[in-house]
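**Q** sequence and predicted structure below; questions after.
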Amino acid sequence: EVKGAVYNLTPFSGKLLAGINSKVQLFRWAAREGFAHELVSECGHHGHIMALYVATRGDFIVVGDLMKSISLLLYKPEEGVIVERARDFNANWMSGVEVLDDDTFIGAENSFNIFTVKRNSDAGSDEERQRLECVGEFHTGEFINRFRRGSLVMRAPDSEVAACPTLIFGTVNGTIGVIASLPKHIFDFALKLQGVLQGVIGGVGGLSHAEWRAFCSDRKEAPARNFVDGDLIEAFLELRRPRMEEVSSAMQLPVDELCQRVEELARLH
């Protein structure tokens, strides 16, 4: 029995990590007399409003709070404690979190946006190291409530994008989507193509694609950054030949090569 509502349970270092009200609590499976076992509280971390979402990587714990965005915690097994290493000081009402790599984390919030934050490991001051810097923002138009590592398709071993790590996300509307971490040269190509396509493909009802994908919440509005819209990129394959040639001219690449590169990206899902 615990004192509060349990919002999540996550296996962690052979133990069980739980988000209970405003606390992240770590339990171990301990033997009692005879063959009985029980969950024993080992340590925990306070300081959240509601620890709704938890993701882990190694000894690091990423917490998505009801109102206080993303926090990065560190479990020290030799000392038996969990300490806070960094946090995002923006106010985001979180609906999901996940780890992208050792220093980068992704979150979804209740205004249908996703964003990425990065740890300042090499910063010169303690204050900067304790701050998670927002490095990417994007409006999905969907209320994302779950991230999972994985892929929806088999990857071709000879494809350049086959090694790109992917996350699957789920939404309250039943939508399933994929977020891929692209190498810089592929991202730069996709970003340039997106910019060209924004001038060729009109938005529904005349709406601006850039305005639609801009991060928008009750507290701020900002242009999308460090994300590209896969739906818009793949729309290139549905264009008529004259429009394809128009895009090809702007990209300074042959139409066939453009089609091939976009099809490779499409195979990520």
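**A** Nice, I can see it.

**Q** surely Ala250 touches Val196?
**A** Yes - using Cβ atoms under 8 Å, Ala250 makes contact with Val196 at a distance of 4.5 Å. Any C-beta I mention is one placed from the backbone N, CA and C, and that applies to glycine too.

**Q** quick check: buried residues in stretch 52-62?
**A** Buried residues in stretch 52-62, counted by 16 or more other Cβ atoms under 10 Å: Leu52, Tyr53, Val54, Ala55, Thr56, Phe60, Ile61, Val62.

**Q** if the residue lying closest to the fifth one once chain neighbours are set aside is in a bridge, with which residues?
**A** Excluding the flanking residues, the one nearest Thr56 by Cβ to Cβ, 6 or more residues apart in numbering is Phe12, at 5.2 Å. Beta-bridge partners recorded for Phe12 (DSSP bridges): Lys15.

**Q** burial count for Phe12?
**A** The tally of other residues near Phe12 (other Cβ atoms under 10 Å) stands at 18.

**Q** who touches it in this structure?
**A** Going by Cβ atoms under 8 Å, 6 or more residues apart in numbering, Phe12 touches Leu26, Thr56, Ile61, Tyr75.

**Q** confirm that Ala235 sits in a helix.
**A** Yes - the assignment for Ala235 by DSSP: H, G, I helix; E, B strand; the rest coil puts it in a helix.

**Q** how close does it sit to Val40?
**A** Counting by Cβ to Cβ, to the nearest Å, the separation of Ala235 from Val40 is 55 Å.

**Q** Glu133 and Asn120 touch, don't they?
**A** Yes - Glu133 sits in contact with Asn120 when judged by Cβ under 8 Å, with a separation of 6.0 Å.

**Q** by residue count, which helix of this protein is the longest?
**A** Identified as the longest helix of the chain according to DSSP state H is helix 184-200.

**Q** packing partners of that one?
**A** Contacts defined by 3 or more Cβ pairs under 8 Å, 6 or more residues apart in numbering; DSSP states H and E place helix 184-200 against helix 230-234, helix 241-251, helix 255-266.

**Q** what's around Gly44, how many residues?
**A** Here the number of neighbours of Gly44 (other Cβ under 10 Å) works out to 16.

**Q** and it, what element?
**A** Using DSSP states H and E, Gly44 sits within strand 37-45.

**Q** just the buried residues of that strand, please?
**A** Of all the residues in strand 37-45, those buried under the rule 16+ other Cβ under 10 Å are Glu42, Cys43, Gly44, His45.

**Q** direction included, what does that strand pair up with?
**A** Its sheet considered, strand 37-45 pairs with strand 23-31 (antiparallel) by DSSP bridges.
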